[in-house]
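**Student:** Task: produce atomic coordinates for the following.
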Amino acid sequence: MASRPVVQEKTRGNNIGGKQKNVRAEGRNRRALGDIGNLVHAPSVEGKPQTQISRPITRSFCAQLLANAQAAAEKNSKKPLPEVVIGVVGKEGALKDAHQKKEFVKLKKEAVIVISPDEDEKSQRSARKSSKKTGKTLTGILTARSKAACGISKKQKDPIVNIDAADVDNELAAVEYIEDIYKFYKLAENDAQVRDYMDSQPEINSKMREILVDWLVEVHKKFDLMPESLYLTINIVDRFLSMRTVSRRELQLIGISSMLIACKYEEIWAPEVSDFIAISDNAYIREQVLLMEKAILGKLEWYLTVPTPYVFLVRYAKASVPADQEMESMAFFFAELGLMNYSTIIQYCPSRLAAAAVYAARCTLNKTPLWNETLNHHTGYSEDQLMECAKFLVQFHSGAAENKLKAVLRKYSNPDRAAVALFPPARNLIPA
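**Tutor:** Now for the predicted structure:
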């Protein structure tokens, strides 16, 4: 029997680019690894793409997955630990449960309570309110009733009165700049403050100065000069005496020369040199007055624009609302009493002396309250800061009748100035 020839089967295919492409798929009987069903697909966490695990799930691999999940949970303690549900692989590599062909790592869901900031704040407020006692105590009720029966109530601070409201249309009042002007005065008053000079004057003392000021008050009244001229005259005298040693005979000459300078600075029609010579009973000649005037201006370096107590007194008397002639005259009376006393001029600056004069005037006239927020605002001084100086001024008032120097007393006993010098001294400022 002849043998059949063995014919080799030709391979079918097309040559593309010099290479042969097989049509028959190799390993038709093989099953794809993805169809077996023992692979685990991890779910995407926080938007990350899924990572496919391409190895069979064995017990050792399952333990490794659990360890990795616990390590990730420790790094991020805020996230709950994932609960891994994995099928168990048998000896032959098949899953025991047919319904668990494709299992995923399931994240254990925990109940999370989200509290908005508004709700949190409201809850805290409600907790605070609940912790506090809402009911009034019996002691508090009885105390409130007692205060109401006695007329005692919790008073609010007095509002600050606008003392410049009436002068808004007055261009000469300079309402727009008045606050800045007085701030500058407060800064500049220290430069013009007179130091203690009486120890450096061998021939004069404080009593002689007091006699000179009393005489200058009389001359000022005789010539009917502006109030500014008197305050500037005394300031020039004290500043010159603090810079130069003078003899007793020159003291009156310094007084009339200083008033001549002040009148030229402040007055529209200043008295002439002959007028001052006549009022001093011809004690000096014209050349002496002019030479002393030149010497004073040279020592002061022509510095005459100084804040005297007068500039502060005008403002503070205006702040003592309601301002009237009686109140203004009383304040000027105390200020001029302070000008005569040497220790007062040396110890207190012009602004404090003016504020103390207003306070002493309010105490003498029994104004209520004695000091208010408006005065505190405009003067910059509290009631306690003015008490010591005000007591000195009231002592001068109480002893004015027995004092031999009565120029200020006579000046303010005139009805034109409301006769304020005849008022009894303030009892609350007289030491017991």
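**Student:** In contact with residue 145, which residues?
**Tutor:** By C-beta atoms under 8 Å, 6 or more residues apart in numbering, the contact set of residue 145 is empty. (Each C-beta comes from the backbone N, C-alpha and C, glycine too.)
**Student:** give me the element residue 265 is part of.
**Tutor:** helix 251-266 (DSSP states H and E).
**Student:** so what does that helix touch, helix or strand wise?
**Tutor:** Using 3 or more C-beta pairs under 8 Å, 6 or more residues apart in numbering; DSSP states H and E, the elements in contact with helix 251-266 are helix 206-223, helix 227-241, helix 273-279, helix 286-300.
**Student:** let's go with 6 Å and repeat that
**Tutor:** Here helix 251-266 touches helix 206-223, helix 227-241, helix 286-300, going by 3 or more C-beta pairs under 6 Å, 6 or more residues apart in numbering; DSSP states H and E.
**Student:** Enumerate the positions of it that are buried.
**Tutor:** Using 16 or more other C-beta atoms under 10 Å as the test for burial, helix 251-266 gives 251-263, 266.
**Student:** Can I get the residues you listed in CSV including pLDDT?
**Tutor:** Below are the buried residues of helix 251-266 laid out as CSV (pLDDT from 0 to 100):
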residue, pLDDT
251, 94
252, 95
253, 95
254, 96
255, 95
256, 96
257, 96
258, 96
259, 96
260, 96
261, 96
262, 96
263, 96
266, 93
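**Student:** how about TSV for the residues you listed, with distance to residue 172 added?
**Tutor:** TSV is the format used below for those (distance: C-beta to C-beta, whole Å):
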residue	distance to residue 172
251	38
252	37
253	37
254	34
255	32
256	31
257	31
258	28
259	26
260	27
261	25
262	22
263	22
266	16
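**Student:** circling back: between the helix holding residue 265 and helix 206-223, how many degrees?
**Tutor:** Here helix 251-266 points in a direction 40 degrees away from that of helix 206-223 (axes from the mean of the first three to the mean of the last three C-alpha atoms, to 10 degrees).
**Student:** which residues of the protein fall in strands?
**Tutor:** 15-16, 19-20, 82-83, 106-107 (DSSP state E).
**Student:** ok, residue 420 touching residue 332?
**Tutor:** No - using C-beta atoms under 6 Å as the test, residue 420 is too far from residue 332 to be in contact (8.6 Å).
**Student:** mind showing which ranges of the stretch 101-250 of the chain have poor pLDDT?
**Tutor:** By pLDDT under 70, the weakly predicted segments of the stretch 101-250 of the chain are 101-136, 147-148, 150-158.
**Student:** now do 50
**Tutor:** Scanning the stretch 101-250 of the chain for pLDDT under 50 picks out 101-115, 117, 131, 133-134.
**Student:** As a check, name the ranges of all helices in it.
**Tutor:** According to DSSP state H, counting those that start in this stretch, the stretch 101-250 of the chain carries its helices in the segments 117-131, 138-150, 178-188, 206-223, 227-241.
**Student:** cool, and the stretch 301-432 of the chain?
**Tutor:** Under DSSP H, counting those that start in this stretch, the stretch 301-432 of the chain gives helices at 309-319, 325-340, 342-347, 350-364, 373-379, 383-398, 407-411.
**Student:** Out of those, which is the most enclosed?
**Tutor:** helix 350-364 (a mean of 27; mean count of other C-beta atoms under 10 Å).
**Student:** For the nearest residue to residue 284 once chain neighbours are set aside, give its distance to residue 289.
**Tutor:** Distances taken as C-beta to C-beta, 6 or more residues apart in numbering place residue 253 nearest to residue 284, at 5.3 Å, with adjacent residues excluded. According to C-beta to C-beta, to the nearest Å, residue 253 and residue 289 sit 7 Å apart.
**Student:** and if you look at residue 373?
**Tutor:** Distance, residue 373 to residue 289, using C-beta to C-beta: 49 Å.
**Student:** Please apply the same query to residue 348.
**Tutor:** Counting by C-beta to C-beta - residue 348 and residue 289 are separated by 32 Å.
**Student:** same check, this time on residue 202
**Tutor:** Residue 202 is 24 Å from residue 289, by C-beta to C-beta.
**Student:** what's the most buried one of the helices of the stretch 101-250 of the chain?
**Tutor:** Most buried among the helices of the stretch 101-250 of the chain, counting by mean count of other C-beta under 10 Å: helix 227-241, with a mean of 23.
**Student:** Okay, angle between that helix and helix 350-364 too, please.
**Tutor:** Using the same axes, to 10 degrees, helix 227-241 lies at 130 degrees relative to helix 350-364.
**Student:** Ok, which of the helices of the stretch 301-432 of the chain comes nearest residue 302?
**Tutor:** helix 309-319 (19.3 Å; C-beta to C-beta).
**Student:** Let me see the contact set for the residue nearest to residue 310 when sequence neighbours are not counted.
**Tutor:** Nearest residue to residue 310, sequence neighbours excluded (C-beta to C-beta, 6+ apart): residue 231, at 4.0 Å. Residue 231 sits next to 308, 309, 310 when contact means C-beta atoms under 6 Å, 6 or more residues apart in numbering.
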